[in-house]
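Participant: coordinates only, sequence not included:
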């Protein structure tokens, strides 16, 4: 009798234990799957963080290269004195455009210069002409300096177009012609052509001014009589 009771008790205990284990297996399996999913999500997050870090490093390196290239271009333009020659040539070309529109005035354009056009505007002046088989155009756009790290006064964006292609796009200080940044630059024979052309026109203008000043001084002297 006692043996039967013990047998029943042991059998019930084993049944309870096995049933509990069977119920625990799906829960453990579910927990294991959730943990695996969490681990996979963490791995993906780590991969994305690494990709972002690599992209940030690559972007930083590209920015360094771009900045170095922009600084080199600004220094080159300054050394070539294009930041001075271009605005001066624009002013002279605007005078040509104005004089060419005056009827009856005995004025001749510089030798070889034809088809002169232009607009003498304070904010957006431009001038265009043909010379030596090429179409030249210079544009300017003035705007106030609004950023704290920019120079005082106005900034002036100047573009040089050769045969309608932009070969120079620079922003300079209207005050001292300092190059602020370069948006486009194509180095080529046009640089020396423009500098020689502008230099010759400046020399002609100075020569005419000196001759006019000499005549005026002589006229003043002729009207001075000592007793």
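Facilitator: Alright, I've got the coordinates. Computed from a prediction, not measured in an experiment: that's the story for all the values here. Residues are numbered from 1 along each chain as shown.
Participant: which element follows the helix or strand encompassing residue 77 toward the C-terminus?
Facilitator: Following DSSP states H and E, one finds residue 77 within helix 2-79. The C-terminal neighbour of helix 2-79 among helices and strands, as given by DSSP H and E, is helix 82-100.
Participant: pLDDT of that next one, averaged?
Facilitator: What helix 82-100 shows for mean pLDDT is 87.
Participant: go on, stretch 158-169?
Facilitator: 95.
Participant: can you pull the buried residues of it?
Facilitator: With burial defined by 16 or more other C-beta atoms under 10 Å, the residues of stretch 158-169 counted as buried are 158, 159, 160, 161, 162, 167, 168, 169. Placement of C-beta: from N, CA and C, glycine included.
Participant: That one spans what distance, first to last residue?
Facilitator: Terminal residues of stretch 158-169 lie 6 Å apart, using C-alpha to C-alpha, to the nearest Å.
Participant: same thing with stretch 115-128?
Facilitator: With C-alpha to C-alpha as the measure, the ends of stretch 115-128 fall 8 Å from one another.
Participant: Let me know the secondary structure of residue 123.
Facilitator: Three-state assignment for residue 123 (DSSP: H, G, I helix; E, B strand; the rest coil): coil.
Participant: Could you find the closest non-adjacent residue to it?
Facilitator: residue 142 (5.3 Å; C-beta to C-beta, 6 or more residues apart in numbering).
Participant: is it fair to say the one you found lies in a strand?
Facilitator: Yes - if the criterion is three-state DSSP, then residue 142 is within a strand.
Participant: what sits against it?
Facilitator: For residue 142, the contacting residues are 122, 123, 124, 154, 155, 156, 157, 174, by C-beta atoms under 8 Å, 6 or more residues apart in numbering.
Participant: what does residue 173 give?
Facilitator: 151, 153, 154, 155, 156, 180.
Participant: Among these, which lie within strands?
Facilitator: 154, 155, 156, 180 (DSSP state E).
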